[in-house]
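Trainee: Predicted model follows, preceded by the sequence.
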Amino acid sequence: MGLRGVAATRAARELLRPLSGRPTLRTAGADLLIWAALCLPLLLELAAVAGGSSAAALESPAAAAAASTALAAVVALSRPYPLAAAVLAITLSETWTTSFTFAVAGLCYLLGRRDPRAWPAGAAVLVGIAALATWLAMAPHLLIGVPGMVITYVFTIVLPWMVGSYRRLRENLDEAGWERARRLEREQRIAQDEARLRERSRIAQDMHDSLGHELSLIALRAGALELASDIPERHRTSAAELRESATTATERLREIVGVLRESGGDAPTEPAGEGIAELVERARGSGVDVALERSGIWEGVAPMVDRAAHRVVQEGLTNATKHAPGAPVRVRLERSAEEVVATVANRTPREPAVPRSADSPGGGRGLVGLAERVRLAGGTLETDERDGGFEVVARFPAEGRPAAASDETPPDEPGPAAADDHRRAARRSLRRRTAAMVAAGAVLVAVGVAFAVGSTYLRMASATLEPADYEALPVGAPTGQVEQRLPVQQYAPAAGADSSAAAERYDCRYYRSDEDFPNGEYTAYRLCFGGGELVSKDVLDAPGGTGTGE
């Protein structure tokens with residue numbers, strides 16, 4: 001088999017491959033609605049047959065039922081094989097009845113909407129053009145009808161397919177945007193988890209420093225007891241074992257914390273065991289305008305709370321110097337019987353800070369890690385813009401209660417499908433707006449129709465001259481006397497239909513005998529005035545009948 005045969009085989013396999021999987025209840029319902037909409041022209045043609053029309057192709061209800069059954073098969077085929085369904089609909093429209101023209105447009109739209117492949121549709125177009133050329137070559141006298149065929153072809157086949165393709169590409173673009181939003185959300189969540197884990201590693205390092213110091217003191221005191229000469233030998237042996245156990249615990253703690261430390265992380269730059277006062281003094285020595293205020297006795301605060309407050313002050317000073325350089329910073333430590341509060345607030349910067357791009361390092365991870373540190377210490381973190389500056393407030397219980405083991409994830413953690421929630425909300429909003437627009441359009445159409453019908457009725461009613469009043473008008477009566485018995489308006493349509501000599505010679509006015517609306521029977525009256533009197537009155541040809549003149 002040559003290359004052309006292989007290409008033809010691959011093309012045939014591609015065409016025979018269905019586009020969708022198993023049908024679902026939703027897709028079956030959608031196809032049922034599409035079929036019902038496409039059957040409307042068949043019902044209209046059947047109604048035309050019942051009304052006595054001889055131009056209808058469907059001669060009986062049985063023929064309409066057969067056509068609707070064929071259309072149902074075509075619609076069912078349009079989901080797995082949209083190209084075959086469109087070609088079949090075109091064939092039925094050309095060979096059976098033109099009522100399938102609406103179905104052709106709908107199925108070509110579905111072809112562009114469902115089939116992402118462009119070459120099968122292009123091949124079908126080329127085949128159609130070749131068939132048309134062959135047909136015209138066999139019947140040249142039909143060349144005069146080609147423009148109309150081309151227009152029909154464009155508006156019933158090409159244009160619906162292009163609209164469907166555009167909708168498909170637009171939906172794919174929207175879906176790509178939502179997928180990017182979901183991916184960014186996942187990346188943000190991963191970054192937040194990394195920040196929390198990094199903060200937990202720092203907590204472990206702080207605990208290592210604190211516990212290592214206490215264990216070293218225990219080992220030192222146990223060594224002093226081991227060397228004391230005024231205690232029994234068995235107590236010295238116990239003190240030696242205690243010293244060895246404390247030393248071993250210190251080494252194991254150092255190894256465990258070393259595993260938790262980030263690989264390649266920077267060495268700590270702050271002194272070990274540094275307090276908040278020393279941190280503020282070190283920042284002030286670096287040129288930061290910072291003031292420390294105390295309320296209550298800070299000594300004796302739980303170690304976890306103390307280190308968390310130290311971390312809050314450290315991060316607050318870092319953010320203030322980074323985002324509000326030159327702005328005065330106020331650090332306030334409060335301790336009461338109920339809670340311990342650490343606050344870092346900066347005022348409006350003296351010079352506008354350089355805005356940070358979205359791709360710059362940080363991205364809010366510092367506050368995420370800080371919130372994790374405060375949460376693990378049993379507290380809550382609040383951040384807010386205030387008085388043109390920024391304020392960070394950490395609140396801890398007075399007894400220093402750590403977070404419960406069940407509080408593994410912060411309560412304000414975004415849900416796993418926030419982007420999907422936004423997407424559903426956007427779609428609901430779009431549906432509501434579309435329904436509101438359709439309702440508003442329907443109301444406007446109803447108001448317009450009511451206004452048109454009402455104004456037409458009022459115009460006809462105000463131009464009605466009762467037959468008895470018409471008969472009572474004598475020819476030769478003065479114009480003023482006749483006008484007192486005439487309606488306020490004239491029947492304008494009759495004026496355009498009158499081209500008699502009397503209409504050109506005299507001042508003629510037109511009225512109708514009845515205000516029946518919209519298609520009631522009536523008689524049109526013509527009154528002609530000249531020389532200050534009624535010179536003639538006539539009954540004109542009208543849908544209601546005709547009469548004679550005087």
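Mentor: Received the coordinates, thanks.

Trainee: Which residue, other than its chain neighbours, is closest to Ala76?
Mentor: Once flanking residues are discounted, Ala76 sits nearest to Asp31: 6.4 Å by C-beta to C-beta, 6 or more residues apart in numbering. Glycine gets a C-beta too; all of them are placed from N, C-alpha and C.

Trainee: Now do the buried residues in the one helix or strand that neighbour maps to.
Mentor: Assigned by DSSP states H and E, Asp31 falls within helix 25-38. For helix 25-38, the neighbour count (16 or more other C-beta atoms under 10 Å) marks Asp31, Ile34, Trp35, Leu38 as buried.

Trainee: what does stretch 92-106 give?
Mentor: If you call a residue buried by 16+ other C-beta under 10 Å, then stretch 92-106 has these buried ones: Leu92, Ser93, Thr97, Ser99, Phe100, Thr101, Phe102, Ala103, Val104, Ala105, Gly106.

Trainee: Dump it to CSV, keeping only the CA atoms.
Mentor: The C-alpha coordinates for stretch 92-106 follow below in CSV (Å, rounded to 0.1, in the frame of the first residue of the first chain):
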residue,chain,number,x,y,z
LEU,A,92,-32.4,15.3,3.3
SER,A,93,-33.0,19.0,2.7
GLU,A,94,-32.1,18.7,-0.9
THR,A,95,-34.0,15.5,-1.7
TRP,A,96,-37.0,15.5,0.7
THR,A,97,-38.2,18.8,2.0
THR,A,98,-36.9,22.3,2.5
SER,A,99,-38.2,22.2,6.1
PHE,A,100,-34.8,20.5,6.9
THR,A,101,-33.1,23.8,6.1
PHE,A,102,-33.4,24.9,9.7
ALA,A,103,-32.0,21.6,10.8
VAL,A,104,-29.1,22.0,8.4
ALA,A,105,-28.2,25.3,10.0
GLY,A,106,-28.5,23.8,13.5
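
Trainee: what comes into contact with it?
Mentor: The contact list for stretch 92-106 (C-beta atoms under 8 Å, 6 or more residues apart in numbering) reads 34, 37-38, 40-42, 44-45, 57-58, 67, 70-71, 74, 86, 89-90, 152, 155-157, 160.

Trainee: and with 6 Å instead?
Mentor: Leu38, Pro41, Leu42, Glu45, Ala57, Leu71, Ala89, Ile90, Thr156, Pro160 (C-beta atoms under 6 Å, 6 or more residues apart in numbering).

Trainee: Buried subset of those as a ChimeraX selection?
Mentor: In ChimeraX syntax, the buried subset of the contacts of stretch 92-106 is picked out as below (16+ other C-beta under 10 Å):
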select :38,41,42,45,57,71,89,90,156,160
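
Trainee: Where is pLDDT lowest across the contacts of stretch 92-106?
Mentor: On pLDDT alone, Ala57 ranks lowest of those, at 57.

Trainee: I'd like the distance between Asp420 and Asp538.
Mentor: Asp420 sits 77 Å away from Asp538, going by C-beta to C-beta, to the nearest Å.

Trainee: rewinding a little: and which of the buried residues of stretch 92-106 is nearest Arg180?
Mentor: Nearest to Arg180 among those, counting by C-beta to C-beta, is Gly106 at 32.9 Å.

Trainee: and Glu399, which of the three is it?
Mentor: Assigned by DSSP: H, G, I helix; E, B strand; the rest coil, the conformation of Glu399 is coil.

Trainee: ok, it - how many residues close by?
Mentor: For Glu399, the neighbour count with other C-beta atoms under 10 Å is 11.

Trainee: hey, which helix or strand in this structure has the poorest pLDDT?
Mentor: Sorting the helices and strands of the chain by mean pLDDT, DSSP states H and E puts helix 492-497 at the bottom, at a mean of 53.

Trainee: Following that helix in sequence, what is the next regular element?
Mentor: helix 501-505.

Trainee: buried ones in that following helix?
Mentor: Neighbour-count burial for helix 501-505, counted by 16+ other C-beta under 10 Å, picks out Ala503.

Trainee: quick check, distance from that helix to the centre of its chain.
Mentor: 68 Å (C-alpha atoms, centre = their mean, to the nearest Å).

Trainee: Residues contacting it, please?
Mentor: Helix 501-505 is contacted from outside by Cys528, using C-beta under 6 Å, 6+ apart.

Trainee: Report all helices and strands that the very next helix or strand once past that helix contacts.
Mentor: As assigned by DSSP H and E, the chain's next helix or strand after helix 501-505 is strand 507-512. Helices and strands touching strand 507-512, by 3 or more C-beta pairs under 6 Å, 6 or more residues apart in numbering; DSSP states H and E, are strand 524-530.

Trainee: May I have the strands that pair with the strand it packs on, each with its orientation?
Mentor: Sheet pairing of strand 524-530 (DSSP bridges) gives strand 507-512 (antiparallel), strand 533-540 (antiparallel).

Trainee: Which SSE is immediately downstream of the helix or strand hosting Glu391?
Mentor: Glu391 belongs to strand 389-397 when elements are defined using DSSP H and E. Moving toward the C-terminus from strand 389-397, the next helix or strand (DSSP H and E) is helix 418-462.

Trainee: Off-centre distance for that following helix?
Mentor: Distance, centroid of helix 418-462 to centroid of chain: 21 Å (C-alpha atoms, centre = their mean).

Trainee: Report the angle between that helix and strand 507-512.
Mentor: Relative orientation of helix 418-462 and strand 507-512, computed by axes from the mean of the first three to the mean of the last three C-alpha atoms, to 10 degrees: 120 degrees.

Trainee: Any chance you could list what contacts the helix or strand following helix 418-462?
Mentor: Using DSSP H and E, the helix or strand that follows helix 418-462 in sequence is helix 467-471. With C-beta under 6 Å, 6+ apart as the test, helix 467-471 has contacts from Arg485, Ser513, Tyr525.

Trainee: What residues sit buried inside helix 467-471?
Mentor: Across helix 467-471, burial judged by 16+ other C-beta under 10 Å covers Tyr470.

Trainee: For whichever helix or strand comes after that helix, C-alpha coordinates in PDB please.
Mentor: Next helix or strand after helix 467-471 toward the C-terminus (DSSP H and E): helix 479-483. Extracted C-alpha coordinates of helix 479-483, given in PDB (Å, rounded to 0.1, in the frame of the first residue of the first chain):
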ATOM      1  CA  THR A 479     -68.900  73.600   6.400                       C
ATOM      2  CA  GLY A 480     -69.000  74.800  10.000                       C
ATOM      3  CA  GLN A 481     -72.300  73.000  10.600                       C
ATOM      4  CA  VAL A 482     -71.000  69.800   9.100                       C
ATOM      5  CA  GLU A 483     -67.700  69.900  11.100                       C
END
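
Trainee: Quick check: mean pLDDT of helix 479-483?
Mentor: Taken as a whole, helix 479-483 has an average pLDDT of 87.

Trainee: List the buried residues for it?
Mentor: The neighbour-count check on helix 479-483 (16+ other C-beta under 10 Å) flags Thr479, Val482 as buried.

Trainee: Can you name the residues that contact the most centrally placed residue in the chain?
Mentor: Centroid-nearest residue in the chain, with C-alpha atoms, centre = their mean: Ala426, separated by 3.1 Å. For Ala426, the contact set (C-beta under 6 Å, 6+ apart) is empty.

Trainee: the helices in the stretch 51-200 of the chain, which residues?
Mentor: Listed from the start of the chain, the stretch 51-200 of the chain has helices (DSSP state H, counting those that start in this stretch) covering 61-77, 82-95, 101-114, 119-138, 146-153, 159-227.

Trainee: Number of residues surrounding Val392?
Mentor: So Val392, with other C-beta under 10 Å, has 22 neighbours.

Trainee: Run through the residues that contact Arg114.
Mentor: Arg114 is in contact with Pro82, counting by C-beta under 6 Å, 6+ apart.

Trainee: Of the contacts of helix 467-471, which qualify as buried by neighbour count?
Mentor: For those, buried by 16+ other C-beta under 10 Å: Ser513, Tyr525.

Trainee: Tell me the one among the contacts of helix 467-471 nearest to Val344.
Mentor: Looking across the contacts of helix 467-471 and measuring by C-beta to C-beta, the closest to Val344 is Ser513, at 93.3 Å.
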